[in-house]
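>>> missing the sequence, but the structure's below:
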């Protein structure tokens, strides 16, 4: 699954974390990447916010999830420069994918900045070379 990545750095997208917290098969596949000792695991701050929104909707305890996320990954902050680059990517991606969003674009920006793959279930990343679609 991770054989195509020379450096073993990964951003875990909110969709992959949600699958993990739901205990699905996709979540188990994400866990294999997260638990592999040689992998460096990262979660963007905006993905943590998406997970909190999901937890609120599902009436689940986000504090417990946050502890797990922080224990298993570095939480990476984004800044205005990242968001401005994301605007350019979103503009380009919207030519092909009409509902491509800012957060997806931001994840791509950070994956290039951090030289990391993206672990996700989001179909927007289906043809991205640097992503692992669970």
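That came through, no problem. This one's a predicted model, so the numbers in the text were calculated from it and none came from an experiment.
>>> got the contact list for residue 75?
If you count contacts by Cβ atoms under 8 Å, 6 or more residues apart in numbering, residue 75 has them with 42, 43, 44, 45, 48, 69. All C-beta atoms are positioned from the backbone trio N, CA, C, and that covers glycine.
>>> can you tell me how far it sits from residue 47?
If you measure residue 75 against residue 47 using Cβ to Cβ, to the nearest Å, the figure is 9 Å.
>>> Kindly report the same for residue 100.
As judged by Cβ to Cβ, residue 100 and residue 47 stand 16 Å apart.
>>> For the two, indicate the residue with more neighbours.
Neighbours per residue (other Cβ atoms under 10 Å) separate residue 100 from residue 47, with residue 47 holding more: 28 against 18.
>>> any idea which helix or strand carries that one?
When elements are defined using DSSP states H and E, residue 47 is found to belong to helix 45-58.
>>> Need the residues that contact the helix or strand following that helix.
Per DSSP H and E, the first helix or strand lying C-terminal to helix 45-58 is helix 62-72. Helix 62-72 is touched from outside by 17, 21, 34, 35, 41, 43, 48, 51, 52, 55, 56, 75, with contacts defined as Cβ under 8 Å, 6+ apart.
>>> host element of the fifth one?
Mapping residue 41 onto the secondary structure by DSSP H and E places it in strand 40-44.
>>> quick check: angle from that strand to helix 45-58?
In terms of direction (axes from the mean of the first three to the mean of the last three Cα atoms, to 10 degrees), strand 40-44 departs from helix 45-58 by 70 degrees.
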